[in-house]
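[1] Quick one: sequence and predicted model below, then my questions.
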Amino acid sequence: MRAGGPGEPVFAGSVPLRREFFDRPGPEVAPDLLGRVLVHGPVSVRITEVEAYGVPGEDPASHTYRGRTPRNAVMFGPPGHLYVYFTYGMHFCANIVCLPEGVGSGVLLRAGEVVSGAEVARARRTAGASRTVAARDLARGPARLAVALDFTREHDGLDVCPPAPADAPSTAGLPGPAGVLDGDPPGAGAIRSGPRTGVSSARETPWRFWIDGDPTVSPYRPHVPRRR
DNA sequence: CTCTCGATCAGCT
DNA sequence: GCTGATCGAGAGA
């Protein structure tokens, strides 16, 4: 199946995930996202590491914990859209929204393997810097992944699901610039889980999921509160 | 309004 | 292993 428009890479046998896939709690969707292929224009990434964020009021680590705000509004929208946020004064990170409109849950895309458009991704990752980036590091980490796929403020709310089958003009390709292909998910035995990274609360909640042994899984340690 | 610190990363020791 | 960069969301006064 074609991944993009004419001239775009083709992933044989791959079909876009439909919106119903994301109409479940983040912690349920998260492990199922591993091995899927996220496409945005010329760059595609095979997802190798994710983190789930729960519903408002129940997950203190979630941006939606205290309810809807202008920043997190997309998280309360329909499933299958990107929630892109700015953090640390310099980085963007991207989530895929889960659960129906009105409920704020999602999955943070933490790392992946660039499977097409590596040259474009590398150019983005090295722009304005005299530095080389190894292939495995192109999308190894949530902010790096956002750069590789060119997810910024303007992509907050971007739909990554195809239209309903009845509305689809054909079964070929993605309808828009972005989408998630079913790819080749790992077996349950290859999936590991543990506490979320960079999260100071709910450390006991094992909502980080990754593909065991994959070199593109991010190397970062759990966050320690900084002092001033 | 002021203040804190974050779902991070790169560069350096 | 440690730290600076850089800014805006959200909490509290």
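    Sure, I can see it.
[2] Does stretch A:133-153 reach DNA strand C?
    No - Stretch A:133-153 lies apart from DNA strand C when judged by CB under 7 Å from any atom of the strand; the minimum separation is 8.9 Å. C-beta coordinates here come from the backbone N, C-alpha and C atoms, glycine included.
[3] Show me what counts as buried in that stretch.
    Within stretch A:133-153, the residues that qualify as buried are A:133, A:137-151, counting by 16 or more other CB atoms under 10 Å.
[4] just stretch A:15-32 next, same as before
    A:16-19, A:21-27, A:29-32.
[5] Report the rounded mean pLDDT for that stretch.
    In this model, stretch A:15-32 has a mean pLDDT of 97.
[6] gap between the two ends of that stretch?
    End-to-end distance for stretch A:15-32, by CA to CA, to the nearest Å: 15 Å.
[7] contacts for that stretch?
    A:1, A:36, A:50-55, A:78-80, A:96-100, A:105-107, A:161-162, A:164-165, A:174, A:179-182, A:185, A:191, A:193, A:207, A:209 (CB atoms under 8 Å, 6 or more residues apart in numbering).
[8] Can you say which of those residues are buried?
    Among those, the ones that count as buried by 16+ other CB under 10 Å are A:36, A:50-55, A:78-80, A:96-99, A:105-107, A:161-162, A:174, A:179-182, A:185, A:191, A:193, A:207, A:209.
[9] got the residues of chain A near DNA strand C?
    Within chain A, the positions adjacent to DNA strand C are A:63, A:66, A:69, A:70, A:71, A:72, A:86, A:88, A:89, A:90 by CB under 7 Å from any atom of the strand.
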